[in-house]
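S.K.: take this sequence and fold it.
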Amino acid sequence: MEDLKNYIEENKDRFLEELFGLIRIPSISSIDANKPDMYKAAEYWKKTLLKAGVDKAKVYDTEGHPVTYAEKIIDPKLPTILVYAHMDVMPVDPIDLWHTDPFEPVIKDGKIWARGADDDKGQGFMHAKAFEYMVKTNQLPCNVKFMIEGEEEIGSPSLPKWCKDNIDMLKADVIVVSDTGMIDPKTPTITTGLRGLSYWEVEVTGPNRDLHSGLFGGAVVNPINVLSNLIADLTDKDGKITIPGFYDDVIDLPQAERDLLAKAPHNDEEYKKAIDVDELGGEKGYSTTERTGIRPSFDVCGIWGGYTGEGAKTVLPSKAYAKISTRLVPNQNNHKIGEIFKKHLENIAPKSVKVNVKYLHGGQAYGCSVDLPEYKAAEKALKEVYGKQAIPVRSGGSIPIISEFEEIFGIKSILMGFGLESNAIHSPNENMPLEQFFNGINTIPYFYKYFAESFK
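M.R.: Numbers count the residues shown, from 1 in each chain. Okay, here's the model as predicted:
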C-alpha cells in the first residue's frame, strides 16, 4: 500500500467536498420534521458507495428511519467485513453557542467544524474513502458490506428487527465500527468494552396530599426523607452497590488486560482540575479509569418533590421522585438488573410509603478480548500509521446496538475510532481535525489487509 498516502493527498479536496455534501443534510433522527432529510442522507450514502465501487446498494425502509445497505463480493470463499456507521446526528440546540452554521461545514484551525463532522458522518466517510482506494487500486483483500443506519442517536429502536429480517444478507465475519475515539491524537486506541445501562424512575408516595409541615411533621413520614434514605443505602462506604445479586455476573478483568489499560495516559490531578472538584470517589481498589470503564456504577440522575419555587413554603409533600441509572459491565444483564433493583427497593421501603419503580430503558454491555485475531488486525493497522502499539480502553459510555449485533450475528465488533474528546460530539461546535480524518482513511485499508491475512 505504498501509494495509499499519495492517493489520499491527490484526492483530499474531493473527499472533503463529498463529505460536506453529506454534512449539509440536517439528518436529525429525533425530530419528526427532519424525516425527509433522513431519506436524503440515505440516498446520498447509496450514491457515495456506488461511486466508491460497491456492486450494489439499496435504501431499505424500517419501522423507523431508513438503512442504506451496500456490498462488494469479490469471492464468497474470502472473509467478509461488515462496516457499520450511522447517518443521523444530534439536534444542534443551543444554536446561539455555535460559532458557525452547524450544517454548513467550514475548515478553520486545521479542523472541520459542523454537526456530524465526527459523529458519525466524518468517521463513517473514512470507510467509504478507504474502500474506494482499495477498489480503485485492486487491493481489496476480502468481501465488504456496508450498513449505514438512521437511528443510532435515538437508540437504534428499529435496527435489531431489520437485522434479524435480513440476517442472511448481512452475514459477515467481523463488524468494524468507527464511532468511538482515541485518548489523544498521538495515541492509537481500540475500544474493547462499552458499559451497559439500566435506567429507572422511582416514585415514592406518602400521604394522599401535600400536608402542613407544622401540623403533620413528626407524625407523618416525609416521602423525600424516605427516598433520600433509600438512595443513601444503595451504596456503602467503599463505593460498592449494595443491591443483593448485583455483582453476581460481574467478571473481573484479567490482570494482564488491566495492566494494558493502565498504560493509557491519565492524571487524576488534571482530571479533578478539569471538572473543578477537590476529591474523587468510587469503588475502593480501582483506579479512576477502571471505575469508569471496567466496573459498574450507580448514579442518581435527577431528584425532585415538594416545593422548589422561590421563597419558603412549609409543606410535607405527598410524593418524591428520582431518576436513577446504573452502568453495567459485560456479562451483566440489564433486564435482570432492572428486576432486582425494583424488587430490592420495594423490599427495603418502610410501610409508611408506597414505592413504584418504572424501568425506562437500558442496554447490554459489550466486551472484546485483546487476543482475538480481529483485535490484532486493528492493532497492527494502527501501528502502521501511528508508529506505536494501540492501547485498549473500556469506555464508560454505552452503544447498546453493538451488544445486540453480537447476539444477532454471533460475531465481534471492532471499535476502531478516530474521534477526540475535544471534538465536542453532541455539543455546539462539533469538529474533526483534518489530520484525524485522513489518518483514519490511511489506517482502515491496513485493517482489511491484516484481517484477511488472519484467515490464511
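S.K.: so for this protein, the centremost residue is which one?
M.R.: Among the residues of the chain, residue 399 comes closest to the average C-alpha position under C-alpha atoms, centre = their mean, at 3.7 Å.
S.K.: worst-scoring helix or strand of the protein, pLDDT-wise?
M.R.: Here the helix or strand of the chain ranked lowest by mean pLDDT, DSSP states H and E is helix 255-261, holding a mean of 88.
S.K.: buried residues in stretch 394-401?
M.R.: 394-396, 398-401 (16 or more other C-beta atoms under 10 Å). C-beta: built from backbone N, CA, C; applies to glycine.
S.K.: next one: stretch 407-414
M.R.: Here stretch 407-414 shows 408-409, 412-414 as buried, counting by 16+ other C-beta under 10 Å.
S.K.: can you tell me what sits against it?
M.R.: Identification of contacts with stretch 407-414 by C-beta atoms under 8 Å, 6 or more residues apart in numbering yields 82, 84, 160, 163-164, 167, 170-177, 190, 364, 366, 368, 372, 374-375, 377-378, 402, 405-406, 447.
S.K.: ChimeraX command for the buried members of those?
M.R.: Buried subset of the contacts of stretch 407-414, written as a ChimeraX selection, criterion 16+ other C-beta under 10 Å:
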select :82,84,163,170,172,173,174,175,176,177,190,364,366,368,374,375,377,378,402,405,406,447
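S.K.: which of the contacts of stretch 407-414 fall in helices?
M.R.: 160, 163-164, 374-375, 377-378, 402, 405-406, 447 (DSSP state H).
S.K.: count the neighbours of residue 373 for me.
M.R.: 15 (other C-beta atoms under 10 Å).
S.K.: just give the closest residue to it, not the sequence neighbours.
M.R.: Distances taken as C-beta to C-beta, 6 or more residues apart in numbering place residue 454 nearest to residue 373, at 4.0 Å, with adjacent residues excluded.
S.K.: got it, and residue 86?
M.R.: In space, residue 86 is closest to residue 152, 3.5 Å off (C-beta to C-beta, 6+ apart).
S.K.: can I assume the one you found is in contact with residue 88?
M.R.: Yes: counting by C-beta atoms under 8 Å, residue 152 touches residue 88, with 6.0 Å between them.
S.K.: neighbour count winner among those two?
M.R.: For the pair residue 152 and residue 88, the greater number of neighbours falls to residue 88 (26 against 23), based on other C-beta under 10 Å.
S.K.: quick one: low-confidence parts of the stretch 351-456 of the chain?
M.R.: Residues of the stretch 351-456 of the chain meeting the criterion pLDDT under 70: none.
S.K.: ranges for the strands of it?
M.R.: For the stretch 351-456 of the chain, applying DSSP state E, counting those that start in this stretch gives strands covering 354-363, 366-367, 391-395, 413-415, 431-433.
S.K.: next, the buried residues of the helix or strand containing residue 197.
M.R.: Per DSSP states H and E: residue 197 is located in strand 196-205. Residues of strand 196-205 classed as buried: 196-200, 202-205 (neighbour count, 16+ other C-beta under 10 Å).
S.K.: repeat for stretch 334-348
M.R.: 334, 337-338, 340-342, 344-345.
S.K.: what's the spacing between that stretch and its chain's center?
M.R.: Here the centre of stretch 334-348 is set off from its chain's centre by 25 Å, with C-alpha atoms, centre = their mean, to the nearest Å.
S.K.: now stretch 174-182
M.R.: So, by C-alpha atoms, centre = their mean, the centroid of stretch 174-182 is 10 Å from its chain's centroid.
S.K.: so, low pLDDT: which residues of the chain?
M.R.: Along the chain, segments meeting pLDDT under 70 are nowhere present.
S.K.: how about 80 then?
M.R.: Low-confidence segments of the chain (pLDDT under 80): 1-2, 398.
S.K.: how much space between the residue of it most remote from its centre and residue 222?
M.R.: Residue distances from the centre of the chain (C-alpha atoms, centre = their mean) peak at residue 215, which lies 50.7 Å from the mean C-alpha position. Relative to residue 222, residue 215 is positioned 13 Å away (C-beta to C-beta, to the nearest Å).
S.K.: try residue 250
M.R.: 35 Å.
S.K.: of these two, which one has the most company?
M.R.: A side-by-side neighbour count of residue 250 and residue 222, using other C-beta under 10 Å, places residue 222 first with 25 against 15.
S.K.: quick check: the more buried one vs residue 27, distance?
M.R.: Separation of residue 222 from residue 27 (C-beta to C-beta): 48 Å.
S.K.: could you do residue 330 as well?
M.R.: Taken as C-beta to C-beta, the span from residue 330 to residue 27 is 31 Å.
S.K.: the two: who's more crowded?
M.R.: When neighbours are counted by other C-beta under 10 Å, residue 27 comes out ahead of the other of residue 330 and residue 27, with 29 against 21.
S.K.: buried residues, stretch 243-261. List them.
M.R.: Quick answer for stretch 243-261 (16+ other C-beta under 10 Å): 243, 246, 253, 257-258, 260-261.
S.K.: of the buried residues of strand 196-205, closest to residue 140?
M.R.: residue 196 (35.1 Å; C-beta to C-beta).
S.K.: distance of that closest one relative to residue 296?
M.R.: Counting by C-beta to C-beta, the gap from residue 196 to residue 296 is 9 Å.
S.K.: overlap in contacts of the two?
M.R.: 327-329, 332.
S.K.: dump the residue contacts of residue 148.
M.R.: By C-beta under 8 Å, 6+ apart, the neighbours of residue 148 are 42, 45, 67-69, 84-87, 124.
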